[in-house]
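*Asks:* Predicted coordinates and the sequence they were generated for:
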Amino acid sequence: MAVACVSRMSRRGFLAAGAGLGVAATSVAAGVRGGMLLTPGQPGRLLPSAAPPPPAFRTPLPIPAVLAPLRSDAEADYYEIVQCETDLAILPGLRTPAWTYGGSFPGPTIRARAGRKSVVRHRNELPHPVVVHLHGGHTPADSDGYPMDVILPRGATAVPSAHHGGHGAPPIAHAVSHGERDYHYPNNQRAATLWYHDHRHGFTGPAVWRGLAGFHLITDDEEAALPLPTGERDIPLLIADRSFAEDGSFAYPQADPALRVAGVTDAYMNGVLGDVVLVNGAPWPRLEVDPLRYRFRLLNGSNARRYRLALDPPPPGGGGLAQIGSDGGLLERPVTHDTVDLSPGERVDLVVDFARYRPGTRVRLRNEFGAGRTAEVMRFDLTGPAGRDDTAVPERLTRIAALDPSTAVAVRTFHFQLREHGWAINGRLYAPGEPLARPKLGTVEIWRFLTDFHHPVHVHLDPFQVIGRNNRAPGRFDAGWKDTVDLRPAEAVEVAVRFTDYPGPFMLHCHNLEHEDMAMMADFVTE
Ligand code: C2O
Ligand code: CU
């Protein structure tokens, strides 16, 4: 699956890059004016592919390569990732030019140990500015991927000008890098499935759609001591829908195809839904499995699509999906499900015991929120016969200290709503440098999220605990430490959050990437 990372700068040239600098969501509004449609029950609109969809369950599931450090010392491992355009082979007989981390989609997986730093040097050989965010990372502000802290393309000299994200936002100082930047990740946090992806203000949707996403997995002693499946039976699965033009390239309804102006065309304001479901970059792949337990780290890396995942057939007796973790790592105890809901940005860690099936069974992973081809995700083909399985799903996985809401020093409300000029939080379009909150480090706060539409709400820096949903108990998928929580239209979710360290500006935003690019983001500053 490794494809040579050939820079295509010369072919595309710098024109788009230069023109794109410094222009961001100034005209977010264009797409919203004239009244857009809210489609009940749908987080977006389907973009039909012009290329014929490939057959399902032919391509073997690719597993992203684990990145080797360039060097290591007593405290840290040092990596380098070159961001470059690469032709991927996704559809039969066609090439898909992609923006990649190191030549593959997903990018290489970084495997880190809690408490041991990763320093990742990103080199930008793409024709556009980029920003890298480690989603779920407990990361100091200067390495968190603030949306204005771009890495300019190698060789580009223009510096983004003062940018107006909202209305007349004053210019603030941005840490612009030229050609490359080192991101420092302390990894000082629990074992968890994190991912890294682009986060440039106004252009995250098209950048991730074109391939800028990868896994960053943290393990720790507590997790390593559990008898969970490991090695080849611990598999990250990035699920993402995409659409393709006739020539095999990714199709995306950017209002300005030259990427000078942020946002999609009016019809796709609610979100862009693809009609080809990729898992680790392959369309509807298949994986041969032994009749043993497997751990699957599921990530919804889609721009807008929500999934309701189910095994078909279910194992005898049901409850085939044993959830052991969520965004922020292990749950206290496993929870068994027949279906698992996953909104963009969320992760869920599942153990599936294929010994519950007869050898030779073909088990499809279905998406009950999909229709037609998007109702399929991938297939597991059981080989046999059953071998000895020395793994287990223990009844007790970890301890989670509950944040006590009665100790909260502040209650803040964030309304995620469509406004005349874009997707807004508390009536405001994203304005870099104008924080909506200034939480004190070390204190507990209650944050209430209210929505008009489907919005997967994501908070940077520290995970939170869901304490209530619609004035009731948390929902089936709200357990454990979360950093992204799915809200459906007219829902209200209350979370308890405590930012433990690292002062500075961080973000709170909708993880529907079209909403995010069209201004549904806010700064908060920890102090
Ligand atoms: Cu996954 Cu602020 O993003
Ligand atoms: Cu949203």
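*Replies:* Nice, thanks for sending it over. Numbers count the residues shown, from 1 in each chain. Ligands and ions are numbered 1, 2, ... in the order given.
*Asks:* Once you drop chain neighbours, what's closest to the residue of the chain positioned farthest from its centre?
*Replies:* Note on the chain: the largest C-alpha distance from the chain mean falls to residue 385, namely 36.6 Å (Cα atoms, centre = their mean). In space, not counting the residues next to it along the chain, residue 385 is nearest to residue 359; the distance is 5.5 Å by Cβ to Cβ, 6 or more residues apart in numbering. Just so you know, the C-beta spots here come from the backbone N, C-alpha and C atoms, and that holds for glycine as well.
*Asks:* rewinding a little: look up how far residue 353 lies from the residue farthest from the centre of the chain.
*Replies:* 15 Å (Cβ to Cβ, to the nearest Å).
*Asks:* just residue 322 next, same as before
*Replies:* Counting by Cβ to Cβ, the gap from residue 322 to residue 353 is 7 Å.
*Asks:* For the stretch 1-150 of the chain, which residue gets nearest to ligand 2?
*Replies:* Among all residues of the stretch 1-150 of the chain, residue 43 sits closest to ligand 2, at 7.7 Å; criterion: Cβ to the ion.
*Asks:* coming back round to it: for the residue nearest to residue 385, what are its contacts?
*Replies:* Listed by Cβ atoms under 8 Å, 6 or more residues apart in numbering, the contact partners of residue 359 are 291, 382-386.
*Asks:* What is the strand of greatest length in the chain packed up against?
*Replies:* Secondary structure of the chain per DSSP state E: the longest strand is strand 76-88. Applying 3 or more Cβ pairs under 8 Å, 6 or more residues apart in numbering; DSSP states H and E, one finds that strand 76-88 contacts strand 71-72, strand 96-101, strand 117-124.
*Asks:* okay, those strands in JSON lines with distance to ligand 1, mean pLDDT and mean neighbour count next?
*Replies:* Converted to JSON lines, the helices and strands packed on strand 76-88 look like this (distance: least, Cβ to the nearest ligand atom, whole Å; pLDDT from 0 to 100; neighbours: other Cβ atoms under 10 Å):
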{"stretch": "strand 71-72", "distance to ligand 1": "27", "mean pLDDT": "98", "mean neighbour count": "10"}
{"stretch": "strand 96-101", "distance to ligand 1": "14", "mean pLDDT": "98", "mean neighbour count": "24"}
{"stretch": "strand 117-124", "distance to ligand 1": "16", "mean pLDDT": "98", "mean neighbour count": "20"}
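*Asks:* Pretty sure the residue of the stretch 1-150 of the chain closest to ligand 2 sits against residue 270.
*Replies:* Yes. Because the distance of 6.5 Å satisfies Cβ atoms under 8 Å, residue 43 is recorded as touching residue 270.
*Asks:* neighbour count winner among the two?
*Replies:* Legend: neighbour count by other Cβ atoms under 10 Å for residue 43 and residue 270, higher for residue 43 (27 against 23).
*Asks:* Can you tell me how far residue 441 is from residue 447?
*Replies:* Residue 441 is 15 Å from residue 447, by Cβ to Cβ.
*Asks:* Please identify which of those two sits among more neighbours.
*Replies:* residue 447 (23 against 14).
*Asks:* so what sits against both of residue 43 and residue 270?
*Replies:* Common neighbours of residue 43 and residue 270 (Cβ under 8 Å, 6+ apart) are 304, 453.
*Asks:* now the helices for the stretch 1-150 of the chain?
*Replies:* Along the stretch 1-150 of the chain, the stretches classed as helices by DSSP state H, counting those that start in this stretch are 9-12, 15-20.
*Asks:* now swap in the stretch 151-300 of the chain and tell me
*Replies:* 204-209, 221-224.
*Asks:* Tabulate those (a markdown table), appending mean neighbour count and distance to residue 400.
*Replies:* Compiled in a markdown table, those are given as follows (neighbours: other Cβ atoms under 10 Å; distance: least, Cβ to Cβ, whole Å):
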| stretch | mean neighbour count | distance to residue 400 |
| --- | --- | --- |
| helix 204-209 | 26 | 30 |
| helix 221-224 | 14 | 12 |
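*Asks:* quick one, which of the ones you listed is nearest to ligand 2?
*Replies:* helix 204-209 (11.5 Å).
*Asks:* wait, does the closest one contact ligand 2?
*Replies:* No. Helix 204-209 does not reach ligand 2 (Cβ under 5 Å from the ion); its nearest approach is 11.5 Å.
*Asks:* on that earlier part again, mind putting the helices of the stretch 151-300 of the chain into JSON lines with mean pLDDT?
*Replies:* Converted to JSON lines, those look like this (pLDDT from 0 to 100):
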{"stretch": "helix 204-209", "mean pLDDT": "98"}
{"stretch": "helix 221-224", "mean pLDDT": "98"}
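*Asks:* Redo these as CSV? Include distance to residue 367.
*Replies:* Below are the helices of the stretch 151-300 of the chain laid out as CSV (distance: least, Cβ to Cβ, whole Å):
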stretch, distance to residue 367
helix 204-209, 19
helix 221-224, 28
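*Asks:* Put together CSV for these, with distance to ligand 1 on each row.
*Replies:* Formatted as CSV, the helices of the stretch 151-300 of the chain follow (distance: least, Cβ to the nearest ligand atom, whole Å):
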stretch, distance to ligand 1
helix 204-209, 8
helix 221-224, 22
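*Asks:* in the stretch 51-200 of the chain, what spans have low per-residue confidence?
*Replies:* 157-173 (pLDDT under 70).
*Asks:* what does it put close to ligand 1?
*Replies:* Contact residues, the stretch 51-200 of the chain versus ligand 1 (Cβ under 6 Å from any ligand atom): 133, 135, 197, 199.
*Asks:* Out of those, who's the most crowded?
*Replies:* residue 199 (28 neighbours).
*Asks:* and the residue in the chain positioned nearest to ligand 1, bridged to which residues?
*Replies:* In the chain, the residue that lies nearest ligand 1 is residue 135 (3.4 Å; Cβ to the nearest ligand atom). Beta bridges link residue 135 to residue 195, judged by DSSP bridges.
*Asks:* Quick check: it touching residue 196?
*Replies:* Yes. The pair residue 135 and residue 196 passes the contact test of Cβ under 8 Å, sitting 6.8 Å apart.
*Asks:* Right, I'll call it a day here.
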